[in-house]
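1. Need a 3D model of the sequence below.
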Amino acid sequence: MLDNSHLLPGWLAALLTEKFFSACIAHEDARKNEKNIFCLDCCVAICPHCLTPHRSHRLLQVRRYIYHDVLRLKDAEKLMDCVSVQSYISNSEKVVFLNQRPITRPCRGSAKLCIICDRAVQESFLFCSISCKLQHMMKTGVKLSDHICNRDSLVLPEPGLGDDLLTPETVLEPTVSISAGSASSVSGGECRILASTATTETVKKKRSTLSAPPVRSASQPAFSKVLPAAAVMNRRKNRPHRSPLQ
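-> Reported below is the predicted structural model:
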């Protein structure tokens, strides 16, 4: 739990204390109803089905890594200073943990530890999570406004500009209509069938090429004349054909 959370801006304190990935009560019977989106304007976690009333708000997607809440580093950097916070790679994206994680076993050797929670971090980092850095800044009397973005200063771009943090269109995967999805699946099936047919024809051609006897011109000597006499004599004979008994 983050100490002195009352010193933080309301939206940031709510982000760090919110319980994400729990089922949305308003849509408990719907599929994919986990609350994985944070509305910066309303300071509340919502699920994908709650997007309609928040469509014009500033939204932030929270992800899951090793069973803990994370933000993409490029999203978090738009909200606060993330320098010296340990980052990890998840789905080819750099992510940072929102809160410190419980330590299940002591660190071995001379590993570098987080200043706040004694969790092992890489040599170039000082903190294992955003909350640890915030705690350190509050303990050392650092002016938070110099490291935390003012929520009201975040400019909401026009829809469709593709900003990962501020446009709700980029929070979720783009929706595809049933007809488009069906056409895509049919097209993909046709491509697979054509590819399979082409592969079969190629294999047939290769087999026919290997099994066909070599073409011999009229001027080329017969096979028996090309081989040495010893090789011709050592060739295995075919199965003998005997005349029927009288």
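
2. Tell me the bridge partners for Tyr88.
-> On the basis of DSSP bridges, Tyr88 is bridged to Val95.

3. wait, isn't it in contact with Leu73?
-> No - using C-beta atoms under 8 Å, Tyr88 is not in contact with Leu73, being 9.2 Å away. C-beta: built from backbone N, CA, C; applies to glycine.

4. Identify the contacts common to those two.
-> With contacts defined as C-beta atoms under 8 Å, 6 or more residues apart in numbering, the residues shared by Tyr88 and Leu73 are Lys94, Val95, Val96.

5. Can you say which of those residues are buried?
-> In these, burial by neighbour count holds for Lys94, Val95, Val96, counting by 16 or more other C-beta atoms under 10 Å.

6. Would you mind giving the residues you listed as TSV with distance to Cys82 added?
-> Output for these, formatted as TSV (distance: C-beta to C-beta, whole Å):
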residue	distance to Cys82
Lys94	10
Val95	11
Val96	6
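
7. In CSV: those residues, plus pLDDT and distance to Cys39.
-> Putting these into CSV (pLDDT from 0 to 100; distance: C-beta to C-beta, whole Å) gives the following:
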residue, pLDDT, distance to Cys39
Lys94, 96, 24
Val95, 96, 20
Val96, 97, 20
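
8. Specify which member of these is nearest to Asp146.
-> Val96 (19.2 Å; C-beta to C-beta).

9. those helices in this protein, which residues are they?
-> Ranges of helices within the chain are 10-17, 73-76, 130-139, 178-211, 223-226, 229-233, based on DSSP state H.

10. For this protein, which segments are assigned as strands?
-> Along the chain, the segments classed as strands by DSSP state E run 37-39, 44-46, 59-61, 63-65, 68-72, 88-90, 93-97.

11. Dump the ones you listed to a markdown table, plus distance to Leu144.
-> Converted to a markdown table, the strands of the chain look like this (distance: least, C-beta to C-beta, whole Å):
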| stretch | distance to Leu144 |
| --- | --- |
| strand 37-39 | 19 |
| strand 44-46 | 22 |
| strand 59-61 | 19 |
| strand 63-65 | 25 |
| strand 68-72 | 18 |
| strand 88-90 | 25 |
| strand 93-97 | 18 |
